[in-house]
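**Q** how does the following fold in three dimensions:
(4 chains, ligands or ions: 2)
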2 protein chains.
Amino acid sequence: MVAQRGRRNGAAAHKRTRGGATPDADNAPTAEIPAVAENGADPEVRAKSIPEAAVARLAVYLRILSAMAEQGATTVSSEELSTAAGVNSAKLRKDLSYLGSYGTRGVGYEVAVLVGQIERVLGLTRQHKVAVVGIGNLGHALANYGGFPGRGFPVEALFDIDPDLIGVPVGGIPVTHLDDIPQVCADRQISIGVIATPPAAAQTVCDRLVEGGVQCILNFAPVVLQVPEHVEVRKVDLAVELQILSFHVARRADNEPNGKVAESTVAGNGAVLQS
Amino acid sequence: MVAQRGRRNGAAAHKRTRGGATPDADNAPTAEIPAVAENGADPEVRAKSIPEAAVARLAVYLRILSAMAEQGATTVSSEELSTAAGVNSAKLRKDLSYLGSYGTRGVGYEVAVLVGQIERVLGLTRQHKVAVVGIGNLGHALANYGGFPGRGFPVEALFDIDPDLIGVPVGGIPVTHLDDIPQVCADRQISIGVIATPPAAAQTVCDRLVEGGVQCILNFAPVVLQVPEHVEVRKVDLAVELQILSFHVARRADNEPNGKVAESTVAGNGAVLQS
DNA sequence: GCCGCTTTGTGCCTGCGTTCACAAATGAAC
DNA sequence: GTTCATTTGTGAACGCAGGCACAAAGCGGC
Ligand SMILES: NC(=O)c1ccc[n+]([C@@H]2O[C@H](COP(=O)([O-])OP(=O)(O)OC[C@H]3O[C@@H](n4cnc5c(N)ncnc54)[C@H](O)[C@@H]3O)[C@@H](O)[C@H]2O)c1
Ligand SMILES: NC(=O)c1ccc[n+]([C@@H]2O[C@H](COP(=O)([O-])OP(=O)(O)OC[C@H]3O[C@@H](n4cnc5c(N)ncnc54)[C@H](O)[C@@H]3O)[C@@H](O)[C@H]2O)c1
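**A** Ligands and ions are numbered 1, 2, ... in the order given. Down below sits the predicted model:
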């Protein structure tokens, strides 16, 4: 299949296919925010541009901080929080600095303030309604999972193509037919669509979600989705995860061509005590 | 030149806490391979050092190539494959160049060769046995999923703490009790452990897996795991994924402080014709 | 009120990852 | 055999992210 010849790539590179987010370390494009300068909507908050990698970590910090708050902690130091999150303390401080300056030198950060600020930046001050499409093995697990509603992501619609499933409640919500995706999503103001259908159906489902006004898609099907520019896609590809792990095993095996497997490297427990 | 006081990074960088892989765009540390120079084990293959980000993409290319092979394709150009994978063609070629030079200039790549080479580099030439711990909603889905065995990752052990589950076969494999993790993993040469237990149990389960000689862990529980240095952890945190999506929605909303929601931006199909 | 201790916030440097652009290689046509 | 069209492979430039180290900033003790 040699296909298209002719044109070098004069206008080629433009066709940003968009959509297929590489499984993991992609999303490089630093979340740009054109410095909304005027528009005094947000008072003192000058939402700079936060690196995508930092956003991912902020979500982790938020979970840890919430847990700390529940246990009664009122302040944390960057050292504390960073070890709990498994990152460098300098990196943590830099990440927090994207929020603004909410720490007290010599003391640390106030847990409640930090929680509030991270929620603000991540847009968690309002709820984001979620729809799950494909109520099979995985879809059932997602629909039943309590961790989403608890964090501001209520699941408010379920879809499938299987007639036997239509109308059956899963996790308290009845399953609707695939064809109603656009309608229902628009009606219920769904903002996040989760795709857990077989790969072959994923693109079609995706198109309908977009049609229904869904702005974000979390895709579990191992396919690269095509979406319009204003829609954000993230992919969770478990097979890829396993293959990355496999790579590391192989690499390690190559590096130590000693005994066979060297199993029983029990190493006691991995208590990374300090540093 | 600011002189640089004190040790630049002489021996500092060691304190790597290791373990808690940030949810997403982390794993930066370019998979180092000390250039095994001698040791003629692998004939012509000089396993260089492949960037982690590239490894993730290679796994995606592999899936696409496999599908193409099934449809009878024998060769592909970088242009074709790159659009299918949703990446830049230059990036694709660079990624493939980490494998060695297996393309034919003016023609393209032979699908079969590429598949073989990627499998070799990812360590997929041998099987990696998988164990799943925590056979709840998610664990059931994972245990039943056919996509893993089909890709060289046979699930060969299931564990849970629930007495009602012990002995019950799920996806053809009976569930074993938690306590037997070290024994069973060692016996069956499990190399990858998947954790799908409640967060509170994750660290304990992780320790036992390590005790059983498991080298890689895929963690679904929203906690940061502590592991010894020789164990590789990857985390799949769905709440974090949703929060990253939320961030993008919020960001976009901030940028366009026009009408309310501007829904119905159906935009027909996402054919991003030209830049 | 001053001093010293602690912890934040950040400037700077380094290194990885992405992208461009082009030389080299190859096959086909004549 | 030469030339042309095509596509690979990669050197080099660039931009982002990570990490160090220190100045600035509070707090508490004396
Ligand atoms: N189960 C896992 O652990 C796992 C792991 C990795 C990836 N995945 C991926 O997740 C997706 C779902 O996996 P699963 O195990 O739940 O599969 P499944 O077969 O159990 O469920 C698929 C569901 O989608 C429904 N469906 C089929 N066609 C549809 C369509 N056109 N529109 C809407 N719904 C449709 C089916 O009725 C079924 O309920 C697959 O793409 C799979 O590759 C699953
Ligand atoms: N279900 C989802 O869609 C989803 C989404 C995101 C994250 N998660 C995470 O995945 C994990 C599992 O989720 P789930 O919905 O399957 O939960 P679940 O409650 O359905 O299943 C948990 C299973 O773990 C078992 N278990 C409890 N303690 C254990 C222990 N000490 N050792 C071994 N097994 C033990 C339970 O018996 C149960 O079978 C949780 O950490 C959850 O936060 C789940």
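**Q** where does pLDDT dip in chain A?
**A** A:1-48, A:255-275 (pLDDT under 70).
**Q** mind listing the strands for it?
**A** Secondary structure of chain A by DSSP state E: the strands cover A:75-76, A:103-104, A:108-110, A:130-133, A:155-160, A:169-170, A:173-177, A:192-195, A:216-219, A:232-235.
**Q** relative to A:S77, how far out is A:G150?
**A** Distance check for A:G150 against A:S77: by CB to CB, to the nearest Å, it reads 27 Å. For glycine as for every other residue, the C-beta is placed from the backbone atoms N, C-alpha and C.
**Q** name the residues linked to the residue most central in space within chain A by a beta bridge.
**A** The centre of chain A sits closest to A:R234, judged by CA atoms, centre = their mean, with a distance of 6.5 Å. For A:R234, the beta-bridge partners are A:L218 (DSSP bridges).
**Q** that one touches B:V240, doesn't it?
**A** No. The pair A:R234 / B:V240 is not scored as a contact, 9.9 Å apart, by CB atoms under 8 Å.
**Q** what's around A:E79, how many residues?
**A** 12 (other CB atoms under 10 Å in any protein chain shown).
**Q** ok, now the one 3 residues further on?
**A** A:S82 has 22 neighbouring residues, counting by other CB under 10 Å.
**Q** ok, it to DNA strand D distance?
**A** For A:S82, the distance to DNA strand D equals 10 Å [CB to the nearest atom of the strand, to the nearest Å].
**Q** how about A:K235?
**A** 18 Å.
**Q** what of A:V210?
**A** 26 Å.
**Q** give the burial count for A:Q183, as a bare number.
**A** A count of neighbours around A:Q183, defined by other CB under 10 Å, yields 13.
**Q** the closest residue to it other than its chain neighbours and A:K129, how far apart?
**A** Leaving aside its sequence neighbours, A:Q183 sits nearest to A:G212 (CB to CB, 6 or more residues apart in numbering or on different chains; 7.1 Å). Here the criterion is CB to CB. By it, A:G212 lies 11 Å from A:K129.
**Q** same check on A:Q243?
**A** Distance, A:Q243 to A:K129, using CB to CB: 33 Å.
**Q** compare those two and say which is more crowded by neighbours.
**A** More neighbours surround A:Q243 than the other of A:Q243 and A:K129, with 27 against 18 (other CB under 10 Å).
**Q** touching, the more buried one and B:I118? I think so.
**A** No. Counting by CB under 8 Å, A:Q243 stays clear of B:I118, with 9.2 Å between them.
**Q** all helices for chain A, in order.
**A** Secondary structure of chain A by DSSP state H: the helices cover A:52-70, A:78-85, A:89-97, A:111-121, A:137-144, A:181-188, A:199-211, A:238-255.
**Q** more crowded one of A:G150 and A:S77?
**A** The neighbour comparison of A:G150 against A:S77 (other CB under 10 Å) goes to A:S77, with 15 against 11.
**Q** quick check: beta-bridge partners of the residue nearest to that one when sequence neighbours are not counted?
**A** Closest residue in space to A:S77, ignoring its immediate chain neighbours: A:G108 at 3.9 Å, by CB to CB, 6+ apart. When bridges are called by DSSP bridges, A:G108 pairs up with A:T104.
**Q** look up how far B:T83 lies from A:L114.
**A** A:L114 is 43 Å from B:T83, by CB to CB.
**Q** so between these two, which is more surrounded?
**A** Neighbours were tallied for A:L114 and for B:T83 using other CB under 10 Å; the higher tally belongs to A:L114 (24 against 18).
**Q** what's the distance between that one and A:R188?
**A** According to CB to CB, A:L114 stands 32 Å off from A:R188.
**Q** same question, A:I161
**A** A:I161 is 20 Å from A:R188, by CB to CB.
**Q** just want to know which of those two has more residues nearby.
**A** Just comparing A:I161 and A:R188: by other CB under 10 Å the higher neighbour count belongs to A:I161, 18 against 13.
**Q** so that one touches A:L178, yeah?
**A** Yes. The pair A:I161 / A:L178 is scored as a contact, 4.6 Å apart, by CB under 8 Å.
**Q** OK, contacts around A:R93?
**A** Applying CB atoms under 8 Å, 6 or more residues apart in numbering or on different chains, we find A:R93 in contact with A:78, A:103.
**Q** tell me how many other residues crowd A:T176.
**A** By other CB under 10 Å, 21 other residues sit near A:T176.
**Q** bridging residues for the residue nearest to it when sequence neighbours are not counted?
**A** Closest residue in space to A:T176, ignoring its immediate chain neighbours: A:F159 at 5.3 Å, by CB to CB, 6+ apart. On the basis of DSSP bridges, A:F159 is bridged to A:V133, A:T176.
**Q** and A:L242, how far from ligand 2?
**A** 17 Å (CB to the nearest ligand atom, to the nearest Å).
**Q** contacting residues around the nearest residue to A:Q117 once chain neighbours are set aside?
**A** Nearest residue to A:Q117, sequence neighbours excluded (CB to CB, 6+ apart): A:L99, at 4.5 Å. The neighbours of A:L99, taking CB under 8 Å, 6+ apart as the test, are A:58, A:114, A:117-118, A:120-121.
**Q** for A:V115, see how far away A:R252 is.
**A** Noted for A:R252: a distance of 39 Å to A:V115, by CB to CB.
**Q** how many neighbours does the nearest residue to A:L158 once chain neighbours are set aside have?
**A** Excluding the flanking residues, the one nearest A:L158 by CB to CB, 6+ apart is A:V175, at 4.6 Å. A:V175 has 23 neighbouring residues, counting by other CB under 10 Å.
**Q** around ligand 2, which positions in chain A sit nearby?
**A** When proximity is defined as CB under 6 Å from any ligand atom, chain A approaches ligand 2 at A:141-142, A:145, A:147.
**Q** try 8 Å this time
**A** Counting by CB under 8 Å from any ligand atom, chain A comes close to ligand 2 at A:138, A:141-148.
**Q** what is the most widely separated pair among those residues?
**A** Farthest-apart pair in the residues of chain A next to ligand 2 is A:L138 and A:G146; separation 16.2 Å (CB to CB).
**Q** which one's more surrounded, those two?
**A** Comparing A:L138 with A:G146 by other CB under 10 Å, the one with more neighbours is A:L138, at 25 against 9.
**Q** up against ligand 1, what does chain A have?
**A** Remark: the part of chain A in contact with ligand 1 comprises A:133-141, A:159-162, A:165, A:178, A:195-202, A:204-205, A:220-223, A:236-239, using CB under 8 Å from any ligand atom.
**Q** give me the buried entries from these.
**A** Buried members of the residues of chain A next to ligand 1, scored by 16 or more other CB atoms under 10 Å in any protein chain shown, are A:133-141, A:159-161, A:165, A:178, A:195-197, A:201-202, A:205, A:220-223, A:236-239.
**Q** ends of stretch A:125-141, what's the gap?
**A** End-to-end distance for stretch A:125-141, by CA to CA, to the nearest Å: 26 Å.
**Q** whoops, I mixed them up, stretch A:131-138
**A** Note: stretch A:131-138 ends 14 Å apart using CA to CA.
**Q** returning to that earlier point: can you redo the helices of chain A as TSV with distance to B:I50?
**A** Shown next, in TSV, are those (distance: least, CB to CB, whole Å):
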stretch	distance to B:I50
helix A:52-70	20
helix A:78-85	27
helix A:89-97	24
helix A:111-121	34
helix A:137-144	30
helix A:181-188	40
helix A:199-211	26
helix A:238-255	8
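**Q** and stretch A:175-184, how far out from the chain's middle?
**A** How far stretch A:175-184 lies from its chain's middle: 24 Å, per CA atoms, centre = their mean, to the nearest Å.
**Q** export that stretch as PDB, just CAs?
**A** Taking Å, rounded to 0.1, in the frame of the first residue of the first chain, the C-alpha atoms of stretch A:175-184 are listed here in PDB:
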ATOM      1  CA  VAL A 175     -29.600   1.200  30.900                       C
ATOM      2  CA  THR A 176     -30.700   3.100  27.800                       C
ATOM      3  CA  HIS A 177     -30.400   2.100  24.200                       C
ATOM      4  CA  LEU A 178     -27.400   3.300  22.200                       C
ATOM      5  CA  ASP A 179     -29.600   5.200  19.800                       C
ATOM      6  CA  ASP A 180     -30.700   7.600  22.500                       C
ATOM      7  CA  ILE A 181     -27.200   8.700  23.400                       C
ATOM      8  CA  PRO A 182     -27.300  12.100  21.700                       C
ATOM      9  CA  GLN A 183     -30.700  12.900  23.100                       C
ATOM     10  CA  VAL A 184     -30.100  11.800  26.600                       C
END
